[in-house]
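Asker: sharing a model prediction with you, sequence too.
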There are 2 protein chains.
Amino acid sequence: MTDTSHTLLLAAHGTRLEPSNEEVRQLTALLREKVGERFARVECAFLELTKPSLSDVIDQVIAEGSTNVTVLPYFLVAGRHVAKDIPDIVNEKRTQYPGVRIQVTDYFGSDNQVPHLLAALAIAAGR
Amino acid sequence: MTDTSHTLLLAAHGTRLEPSNEEVRQLTALLREKVGERFARVECAFLELTKPSLSDVIDQVIAEGSTNVTVLPYFLVAGRHVAKDIPDIVNEKRTQYPGVRIQVTDYFGSDNQVPHLLAALAIAAGR
């Protein structure tokens, strides 16, 4: 059942290469189709070099009615953005919006399906 | 059946943060377990900031007997490393080693299972 106040934010690195940012936007659109039953709204946000920033998108979706925000870090390894920047932004926003639930999922690369996917990709290609 | 001359190389970005590089090495070890039936050898290599470089690892595995090398770019989007640097290195090595088959798979983020995985991660977390 859709929680009409629940937003999913895909938090990506961002790059000067616009086609790479566009890949993230297209992935966000795909994700929107897939999780529409669970999340009323799905947006992307960027940590560096690309707008909109994670901080701005959190502000915006809350201003537009979200009271429940789930941030999904779209990163392969737990570098500075995953370990420090995203938690820092989320903690700041929790203080700023005490009535809003803001949570962060595990980062994408930590998913235990990643090695399976890589193995399948390697085996399919390595013929 | 294992091709005893076939090596899989996971080509990752590399970072100054050693724990993040270690994540790539651990993933490589997991991958080694999963694709051992297909690849005799599985190694990682880095594009920036971390050793060993992709160029050096290709040299090394060929010196040690590989005549078939598959490079799997462990990147989420097709930035400069995926679009230019990895193909450039691979083309240089093909010229250098005409008797060796060197191929590059699609980059990880382009796999059509990625949106499914992200959706599952979001739905599991967003309760």
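Answerer: Good, I have the coordinates. All values reported here derive from a predicted model rather than from experimental measurement. Numbers count the residues shown, from 1 in each chain, chains lettered A, B, ... in the order given.

Asker: C-alpha from now on. contacts and neighbour counts both.
Answerer: Fine.

Asker: for the closest residue to A:G109 other than its chain neighbours, the count of nearby residues, please.
Answerer: Once its chain neighbours are removed from consideration, A:G109 has its nearest residue in A:L76; the separation is 3.9 Å (Cα to Cα, 6 or more residues apart in numbering or on different chains). The burial count assigned to A:L76 is 22, neighbours taken as other Cα atoms under 10 Å in any protein chain shown.

Asker: list the contacts for A:L76?
Answerer: Residues touching A:L76, when contacts are defined by Cα atoms under 8 Å, 6 or more residues apart in numbering or on different chains, comprise A:107-110, B:75-76.

Asker: for the strand ranked longest in chain A, packing partners?
Answerer: Across chain A, the longest stretch assigned as strand under DSSP state E is strand A:3-12. In this structure, strand A:3-12 packs against strand A:39-46, strand A:68-73, with contacts taken as 3 or more Cα pairs under 8 Å, 6 or more residues apart in numbering or on different chains; DSSP states H and E.

Asker: what residues does the helix or strand following it touch?
Answerer: Secondary structure here is assigned by DSSP states H and E; on that basis, the next helix or strand after strand A:3-12 toward the C-terminus is helix A:18-35. For helix A:18-35, the surrounding residues in contact (Cα under 8 Å, 6+ apart) are A:10, A:12, A:14-15, A:41-44, A:50, B:77-79, B:115-116, B:118-119, B:122-123.

Asker: try it again at 6 Å.
Answerer: Residues external to helix A:18-35 that are found in contact with it (Cα atoms under 6 Å, 6 or more residues apart in numbering or on different chains): A:42, B:77-79, B:115.

Asker: swap in stretch A:48-68?
Answerer: The contact list for stretch A:48-68, computed with Cα under 6 Å, 6+ apart, reads A:5-6, A:13-15, A:45-47, A:100-102.

Asker: next, count neighbours for A:N112.
Answerer: Residue crowding around A:N112 was assessed by other Cα under 10 Å; the count is 10.

Asker: where in chain A is pLDDT low?
Answerer: With pLDDT under 70 as the threshold, chain A has low-confidence stretches at A:1-3, A:126-127.

Asker: list the buried ones in stretch A:13-20?
Answerer: The neighbour-count criterion (16 or more other Cα atoms under 10 Å in any protein chain shown) identifies A:13-15, A:20 as the buried residues of stretch A:13-20.

Asker: actually, stretch A:63-72.
Answerer: A:66-72.

Asker: same check on stretch A:93-105?
Answerer: Of all the residues in stretch A:93-105, those buried under the rule 16+ other Cα under 10 Å are A:93, A:100, A:102-104.

Asker: can you tell me what sits against that stretch?
Answerer: A:67-72, B:125.

Asker: please produce TSV containing those residues, extended by distance to B:D59.
Answerer: Shown next, in TSV, are the contacts of stretch A:93-105 (distance: Cα to Cα, whole Å):
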residue	distance to B:D59
A:T67	54
A:N68	51
A:V69	48
A:T70	45
A:V71	41
A:L72	38
B:A125	43
